[in-house]
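Asks: Here's a sequence, model it:
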Amino acid sequence: MAEIDCMEKTSLADAVKRLGSALNQLETAVQRRMDADRSLNSLQDDLQRLGEDRSQLATSLDESEARASRLEDANKDVSRRLVTAMETIRTVLDAHGG
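Replies: Residues are numbered from 1 along each chain as shown. Okay, here's the model as predicted:
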């Protein structure tokens, strides 16, 4: 009978050790999962910020392209006016013997 009690205590002690080991593994797995979830949330936040930055950059690019187009048009107009003014000056100088 004492031998059976000793065997039961050994079996119980082994079961408690296995349970403890299983709980440690479970805690480790839960911690890894929580870390992965935090990492995923961080990546999702980064992705959202990148999307917002991209949108702002696209808007800025569109505005810059529109401004560049207006400047190009103004440059062409100024160039045309300068050519006209130079031709007028040349005509006046030729007419007055210059």
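Asks: any idea of the mean pLDDT for the strand or helix carrying residue 35?
Replies: Per DSSP states H and E, residue 35 falls inside helix 2-95. For helix 2-95, the mean per-residue pLDDT is 93.
Asks: What's the local residue count around residue 50?
Replies: With neighbours defined by other CB atoms under 10 Å, the count for residue 50 comes to 10. Placement of C-beta: from N, CA and C, glycine included.
Asks: Check residue 13 too.
Replies: Residue 13: 10 neighbours (other CB under 10 Å).
Asks: What of residue 97?
Replies: Neighbours around residue 97, by other CB under 10 Å: 5.
Asks: Could you give the secondary structure assignment for it?
Replies: coil (DSSP: H, G, I helix; E, B strand; the rest coil).
Asks: Would you check how far apart it and residue 88 are?
Replies: Distance, residue 97 to residue 88, by CB to CB, to the nearest Å: 17 Å.
Asks: ok, now which ones touch residue 30?
Replies: If a contact means CB atoms under 8 Å, 6 or more residues apart in numbering, then residue 30 has no contacts.
Asks: Please report the distance of it from residue 36.
Replies: Taken as CB to CB, the span from residue 30 to residue 36 is 11 Å.
Asks: if we can go back for a sec, report the distance from the helix holding residue 35 to the chain centre.
Replies: The chain centre lies 1 Å from the centre of helix 2-95; the measure is CA atoms, centre = their mean, to the nearest Å.
Asks: same question, stretch 91-98
Replies: That offset, for stretch 91-98, works out to 65 Å (CA atoms, centre = their mean).
Asks: Find the residue at the geometric middle of the protein.
Replies: Centroid check for the chain by CA atoms, centre = their mean gives residue 50 as the closest residue, at 2.5 Å.
Asks: Share the number of residues neighbouring residue 55, please.
Replies: When neighbours are defined as other CB under 10 Å, residue 55 has 10 of them.
Asks: Could you measure from it over to residue 64?
Replies: Taking CB to CB, one finds residue 55 at 15 Å from residue 64.
Asks: What of residue 83?
Replies: Note on residue 83: its distance to residue 64, by CB to CB, is 28 Å.
Asks: Could you do residue 29 as well?
Replies: From residue 29 across to residue 64, the span is 51 Å (CB to CB).
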